[in-house]
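Engineer: Provide a 3D model corresponding to the input given below.
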Amino acid sequence: MTLISESSPVALLAGKVVFITGASRGIGAEAARLFAGEGAAVVLAARNTTALDALVDEIRTGGGTADSVAMDLTDRTSIRAAVDRVEQLHGRLDAAFNNGGVGQRVIGPLDSTPDDDIDEQFTVNFRSHWVAMVAEAALMRKSGGGAIVNTSSIGSRRAVPPLPAYAAMKRALNSITETAAVTWAAEGIRVNGITPGGTATEMMDEWEAQAPGIIEANNAASPIGRMATPREVAEVAGFLLSDRASAVTGAIVPVDGGAGA
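Structural biologist: Residues are numbered from 1 along each chain as shown. Here you go, the predicted model:
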């Protein structure tokens, strides 16, 4: 009789050092749990260090490897220092999930969007990713390459009259994601984006408080009839960061339940 040996599959991110921005809540926090559970050593970045420290304790208690670093997406020096901290902790960076962002404070048409909102959207939802990617790529080069995923939005693919500044900066983020992918491909650095639709996060709750009915409208417009969970979005990011997506770069992947189809 021939015996067939069975072995456990290798964890998706086994042995990788992964940097996650916007990790204190929502998709970022769920990604931290997922990636650590898939074998990664995670370094979590956000302004809310209290939430980060609680998440680090949770992951370590579960047997994972995690550290936190304070980072302000409006401050270029802070972003670069956070990536430097990854090098201090681990000596390398294999993957980065640039997930941090901010919702548009004033919901309304383009011609009534305040200048301050436009400036904030540019700084947090566009420039911060550019700065982070450049710093991350510089560190990845030292160990032969890596993978980056940027969180964009379904709003980057269409006109969004209630959130014009938010959607515009997310569309610009798609552009630099694709440009970075082509620019750095020869160096072994893959860069992809994801475009979540409605996702059951605190940001969505904040929008609902400003514009009651937005969650119901989102669910009605979704072929699957509901919002995605943060875990569902994080799963796609995790795959794109893993070696199983080794031929995928320059992709902007919808995670929207078919709403953009």
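Engineer: Now do stretch 224-244, average pLDDT.
Structural biologist: Mean pLDDT, computed over stretch 224-244, is 96.
Engineer: Renumber starting at 303 from here on
Structural biologist: Will do, 303 is the new start, and the previous item becomes stretch 526-546.
Engineer: Enumerate the positions of it that are buried.
Structural biologist: The neighbour-count check on stretch 526-546 (16 or more other CB atoms under 10 Å) flags 529-530, 532, 534-544 as buried. Using the backbone N, CA and C atoms, a C-beta is placed for each residue, glycine as well.
Engineer: just stretch 464-472 next, same as before
Structural biologist: Within stretch 464-472, the residues that count as buried by 16+ other CB under 10 Å are 464-472.
Engineer: Can you tell me which of the buried residues of stretch 526-546 end up in helices?
Structural biologist: Counting by DSSP state H, the buried residues of stretch 526-546 place 532, 534-543 in helices.
Engineer: Sketch out the low-pLDDT regions of the protein for me.
Structural biologist: 303-311 (pLDDT under 70).
Engineer: Now do the helices in it.
Structural biologist: Per DSSP H, the chain carries helices over the ranges 328-339, 351-363, 378-392, 417-424, 430-443, 466-486, 504-512, 516-523, 532-543.
Engineer: rewinding a little: out of the buried residues of stretch 526-546, who's nearest Ala513?
Structural biologist: Met529 (15.2 Å; CB to CB).
Engineer: Surely that closest one touches Ala519?
Structural biologist: No: the pair Met529 / Ala519 is not scored as a contact, 11.2 Å apart, by CB atoms under 8 Å.
Engineer: How about the contacts made by Phe428?
Structural biologist: By CB atoms under 8 Å, 6 or more residues apart in numbering, Phe428 lies in contact with 471, 474-475, 478.
Engineer: Excluding chain neighbours, what is closest to it?
Structural biologist: In this structure, Phe428 finds its nearest non-sequential neighbour in Met471, 4.3 Å apart by CB to CB, 6 or more residues apart in numbering.
Engineer: Also Arg533?
Structural biologist: Glu332 (5.0 Å).
Engineer: show me what contacts that neighbour?
Structural biologist: So, once contact is read as CB under 8 Å, 6+ apart, Glu332 ends up touching 531-533, 535-536.
Engineer: Just want to check the distance between Ser458 and Gly366.
Structural biologist: Per CB to CB, to the nearest Å, Ser458 is found 32 Å from Gly366.
Engineer: Neighbour count for the two, which is higher?
Structural biologist: Ser458 (22 against 19; other CB atoms under 10 Å).
Engineer: ok, the more buried one touching Leu475?
Structural biologist: Yes: between Ser458 and Leu475 there is a contact under CB under 8 Å: 6.9 Å.
Engineer: Now distance to Ser430 too, for the buried residues of stretch 464-472, in a markdown table please.
Structural biologist: Shown next, in a markdown table, are these (distance: CB to CB, whole Å):
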| residue | distance to Ser430 |
| --- | --- |
| Pro464 | 23 |
| Leu465 | 18 |
| Pro466 | 19 |
| Ala467 | 15 |
| Tyr468 | 14 |
| Ala469 | 17 |
| Ala470 | 15 |
| Met471 | 10 |
| Lys472 | 13 |
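Engineer: So what's the residue count around Arg378?
Structural biologist: 17.
Engineer: repeat for Ala372
Structural biologist: 14.
Engineer: Could you pick out the longest strand of this structure?
Structural biologist: strand 491-498 (DSSP state E).
Engineer: between it and helix 328-339, how big is the angle?
Structural biologist: With axes from the mean of the first three to the mean of the last three CA atoms, to 10 degrees applied, the angle from strand 491-498 to helix 328-339 works out at 130 degrees.
Engineer: so strand 491-498 versus helix 466-486, what angle?
Structural biologist: Using the same axes, to 10 degrees: strand 491-498 against helix 466-486 is 160 degrees.
Engineer: Now find how far off-centre strand 491-498 is within its chain.
Structural biologist: 9 Å (CA atoms, centre = their mean, to the nearest Å).
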